[in-house]
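Trainee: Have a look at this prediction, sequence included:
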Amino acid sequence: MTRKRKIKDGIAKFFTYLASSFSLIVLVAIFAFVFVKGKDTLSIDMLRNDYWSQNYLVEWSEAPQGKFEKPESLGDDVYFSHKFGIGFKDVISHEKQRLIVVDYIDAKSPFNESVNASKGPNYGEKLTISVGDQVEKLEGTNETGTPMFGGAIFSDKSESLAMKLDFMDHVDSLYFKTPGGGIWGSLLATLMLIGLSLLFALPLGIFAAVYLNEIAVPNKMNKLIERCIEMLAGVPSIIFGLMGIAVLYPITAMLGIDGLSILLGSMTMAIILLPVIIRSVQESLIVVPTGYRMSSLSLGATQTQTIFKIILPSALPGILSAVLLAVSRVIGESAALIYTMGTFINDAPQIGKGATTLAVHIWAVMSAEQPNFELASAISLIILAIVLILNISVKLFTKRLSKKLGA
């Protein structure tokens, strides 16, 4: 009997270790893939830049050439125009396109004296190219007055463009683009969505959990309510997105918001989060010792005082865990937000306008004609980093709070 039991225990342990090892390997493989694909794209510039590039056309009334020396601090990969004091560098974009990027501009370079040549209210005002901008088309003339052209659209590289500049006697116009491919707008929209969603969902979820666990009398109606909450937790989020369009959109329209918006997305996410928050807070209330309730009531406190001064403070670590789960759900949600916030990447998100969260941004770049694995992986790393920071912060705060309550 002992030998037979040992064999069964050994088989059970084997499958336990096998399943655990397999899960660990899968998680490590996913993280390794995302890290390898996204590490080169991930940068501070990606975080702070807009996704859409801005196009500008500038010109010069006079662009006198000079004699400039290449700074020793510039690397060998930077090609310098000694006549006009500007340095270029070849860069591969997120979309695998070769770009000519400005890496250096001398303080006395004529490239600091250009004016806006695009028709509009800012026509004729000073507008100059900056470090990091992309050179698309450069027009000028040589000593004999022959027109010369250069830039990325002429299949130039940094070296050939710098050489053409040194052969020019005068620069006439320049068409350039600002850096693009950033995620600042989506990052800001994600933070706005988290704040609004928690603002709507947390009070409702906490008070609903308090009612069901502390006030409600066990009966068929209250049991039905709990079953409905459990059922809502299993409903696919895309159905909530359709509900948001059908039910909540008229509410935002009454507020003067025309079309999809962050507000509509946050209201939809609040409904998605309610079952998660209610169940998590309920679990945290259940583990509060019954003796706390009895002691408070026996000292003359009312039920309301007991709930808000004894039970909720004791359940605060669990409530923080509920908040963490809610935030993680908001960050990772995409299906419902596609219907309620849209898929257009907005670099300047507003509550009453459509935008993309980080997760929807991934969907947008991966559903394009040429999927951008590198940018999608870099955004995934940012999402993982945010969730990790939130986990560590909540754990540290909960640990300190538990020590304080224990004392």
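Mentor: Nice, I can see it.

Trainee: Tell me where the stretch 151-300 of the chain has helices.
Mentor: 158-167, 184-210, 220-233, 237-243, 249-254, 262-286, 290-298 (DSSP state H, counting those that start in this stretch).

Trainee: any idea which of those helices is most buried?
Mentor: Stretch with highest mean neighbour count among the helices of the stretch 151-300 of the chain: helix 262-286 (a mean of 23; mean count of other CB atoms under 10 Å). For glycine as for every other residue, the C-beta is placed from the backbone atoms N, C-alpha and C.

Trainee: What mean pLDDT does it get?
Mentor: For helix 262-286, the mean per-residue pLDDT is 91.

Trainee: which other helices and strands contact that helix?
Mentor: helix 184-210, helix 220-233, helix 237-243, helix 249-254, helix 316-332, helix 335-340 (3 or more CB pairs under 8 Å, 6 or more residues apart in numbering; DSSP states H and E).

Trainee: For those, give me JSON lines that also has mean pLDDT and distance to residue 127.
Mentor: Shown next, in JSON lines, are the helices and strands packed on helix 262-286 (pLDDT from 0 to 100; distance: least, CB to CB, whole Å):
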{"stretch": "helix 184-210", "mean pLDDT": "93", "distance to residue 127": "22"}
{"stretch": "helix 220-233", "mean pLDDT": "85", "distance to residue 127": "54"}
{"stretch": "helix 237-243", "mean pLDDT": "89", "distance to residue 127": "42"}
{"stretch": "helix 249-254", "mean pLDDT": "91", "distance to residue 127": "38"}
{"stretch": "helix 316-332", "mean pLDDT": "86", "distance to residue 127": "38"}
{"stretch": "helix 335-340", "mean pLDDT": "91", "distance to residue 127": "37"}
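
Trainee: closest to residue 133 out of those helices?
Mentor: Among those, the nearest to residue 133 by CB to CB is helix 184-210 (16.9 Å).

Trainee: list the helices and strands that closest one packs on?
Mentor: Applying 3+ CB pairs under 8 Å, 6+ apart, one finds that helix 184-210 makes contact with helix 44-48, helix 262-286, helix 316-332, helix 358-366.

Trainee: export the helices of the stretch 151-300 of the chain to TSV and tack on distance to residue 312?
Mentor: Shown next, in TSV, are the helices of the stretch 151-300 of the chain (distance: least, CB to CB, whole Å):
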stretch	distance to residue 312
helix 158-167	63
helix 184-210	7
helix 220-233	19
helix 237-243	28
helix 249-254	30
helix 262-286	8
helix 290-298	11
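
Trainee: For residue 304, find the nearest of these.
Mentor: Using CB to CB, the helices of the stretch 151-300 of the chain put helix 184-210 closest to residue 304, at 10.0 Å.

Trainee: Any idea which of the helices and strands packed on helix 184-210 gets closest to residue 18?
Mentor: helix 316-332 (28.3 Å).

Trainee: which residues touch that closest one?
Mentor: 190, 193-194, 197-198, 201-202, 205-206, 269, 272-273, 276-277, 280-281, 283-285, 287, 312, 357-359, 383, 386-387, 390-391, 394, 397-398, 401-402 (CB atoms under 8 Å, 6 or more residues apart in numbering).

Trainee: if we can go back for a sec, quick one: which of the helices and strands packed on helix 262-286 is nearest residue 150?
Mentor: helix 184-210 (31.0 Å).

Trainee: and the closest one, how far out from the chain's middle?
Mentor: 15 Å (CA atoms, centre = their mean, to the nearest Å).

Trainee: swap in stretch 11-18?
Mentor: 39 Å.

Trainee: tell me what the helix or strand in which residue 12 is found is packed against?
Mentor: For residue 12, the host element (DSSP states H and E) is helix 2-38. When contacts are defined as 3+ CB pairs under 8 Å, 6+ apart, helix 2-38 packs onto helix 373-406.

Trainee: what's the average pLDDT for the helix it packs on?
Mentor: What helix 373-406 shows for mean pLDDT is 81.

Trainee: quick check: angle from that helix to helix 358-366?
Mentor: 170 degrees (axes from the mean of the first three to the mean of the last three CA atoms, to 10 degrees).

Trainee: Off-centre distance for helix 373-406?
Mentor: 15 Å.

Trainee: What residues sit buried inside that helix?
Mentor: For helix 373-406, the neighbour count (16 or more other CB atoms under 10 Å) marks 373-384, 386, 394, 398 as buried.
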